[in-house]
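Asks: build me a model:
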Amino acid sequence: CFYGVSETDEHLDYDEVRSIALENRPAAIICGGSSYPRLIDYEKMHQIALEVDALLWVDLAHTAGLVAGRAIPSPFPHADIVTTSTHKTLR
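Replies: Numbers count the residues shown, from 1 in each chain. The predicted structure is shown next:
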């Protein structure tokens, strides 16, 4: 399943994420990526994952350098799994 952005402000629609998660009861919720240019509220995603007993998996490949440099919030306090790569961050 995929979730989208709000039509009014183009931010992640966390209500939609929650609704989809409640309907589908996934084993994991995956967030992150290069095609969403805004900050992700990892705490909200974590709360949704807890509600449906899912793991929160964050793909940090494109923004790991910004997290390491403390330019954007870290997902580590909220995520069960964080994946990254050096070739996307260090190029």
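Asks: use CA for all of it now, contacts and neighbours both
Replies: Will do.
Asks: neighbours of residue 25, how many?
Replies: Using other Cα atoms under 10 Å, the number of residues around residue 25 comes to 16.
Asks: neighbours around the spatially closest residue to it that is not a sequence neighbour, how many?
Replies: Nearest residue to residue 25, sequence neighbours excluded (Cα to Cα, 6 or more residues apart in numbering): residue 52, at 5.8 Å. Using other Cα under 10 Å, residue 52 has 18 neighbouring residues.
Asks: got the phi and psi for residue 52?
Replies: Dihedral pair for residue 52: phi -110, psi 10, per degrees, to the nearest 10.
Asks: surely it and residue 23 touch.
Replies: No - between residue 52 and residue 23 there is no contact under Cα atoms under 8 Å: 9.3 Å.
Asks: picking that back up, can you check the pLDDT for the residue nearest to residue 25?
Replies: What the model reports for residue 52 is a pLDDT of 98.
Asks: do the same with the one 4 residues further on
Replies: Confidence at residue 56, expressed as pLDDT, is 98.
Asks: that one contacts residue 30, correct?
Replies: Yes - counting by Cα under 8 Å, residue 30 is a contact partner of residue 56 at 6.2 Å.
Asks: more neighbours: the two, which one.
Replies: Using other Cα under 10 Å as the criterion, residue 56 and residue 30 rank with residue 56 on top: 24 against 19.
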